[in-house]
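Peer 1: Pasting the sequence and the predicted coordinates here, then a few questions.
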Amino acid sequence: MTWYERHPVAVVFGAIAGVVLLIFGIWAATVALAPLFGAGNAHIKTNSADYRIAAYDKFHDDCNAIVAQQNNINNLEDTLDSDKAAGVDSTQLTVDSHNVLAAKNTYNSMVGQYNSDASKSATKAQFLSSSLPFHITYNPKETVTCE
């Protein structure tokens, strides 16, 4: 009678221990090599055609949305000024001024997101078109051009 026939419990525990050690070894290798593979995968993703095109288009879309928001602010301010000149009641003037404030807050959020994306030099900012501004100031009166 062989050893493994005499000790079947030891064989089962040995097999289970072997599987556990194999799983642990695979996990340890994955953890040890994660920085290498992670950096490589990030580089591949960042330089893929789909990512490049999407990032490039997003900067143009965001810039044009900021210009549109500037126009919205100007239109709302014109409405507020004309309502003041026409002697519209204070309730309407309050609504008009809140609309201007909301539009300016939206503008500030849009500019903040654009500037944040433009400063990500390792990813998105690599694909910022040279015809677009690298940084937009938080001043809706300053004209932004997106060519």
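Peer 2: Nice, thanks for sending it over. Numbering: from 1, shown residues only.
Peer 1: Residue 51 against residue 45, yeah?
Peer 2: Yes: checked against CB atoms under 8 Å, the pair residue 51 and residue 45 is within contact range at 6.0 Å. Every C-beta, even on glycine, is put in place using the N, C-alpha and C of the backbone.
Peer 1: pLDDT (mean, whole number) over the host helix or strand of residue 61?
Peer 2: Using DSSP states H and E, residue 61 sits in helix 49-86. Averaged across helix 49-86, pLDDT comes to 91.
Peer 1: and residue 18, how many neighbours does it have?
Peer 2: 10 (other CB atoms under 10 Å).
Peer 1: Tell me the helices and strands packed up against the strand or helix carrying it.
Peer 2: Here residue 18, judged by DSSP H and E, is contained in helix 8-46. Using 3 or more CB pairs under 8 Å, 6 or more residues apart in numbering; DSSP states H and E as the contact test, no helix or strand touches helix 8-46.
Peer 1: The same query, at a cut-off of 10 Å, please.
Peer 2: helix 3-6, helix 49-86 (3 or more CB pairs under 10 Å, 6 or more residues apart in numbering; DSSP states H and E).
Peer 1: any idea which residue sits dead centre in the chain?
Peer 2: Per CA atoms, centre = their mean, the C-alpha nearest to the average position across the chain is that of residue 117, at 6.9 Å.
Peer 1: What separation do you get for that residue and residue 73?
Peer 2: 22 Å (CB to CB, to the nearest Å).
Peer 1: Low-confidence ranges, this structure, go.
Peer 2: Within the chain, the ranges that satisfy pLDDT under 70 run 43.
Peer 1: okay, now the domains of it?
Peer 2: Here the chain is described, according to automatic domain parsing, as comprising the domains 3-43, 49-127.
Peer 1: Many thanks, I have nothing further to ask.
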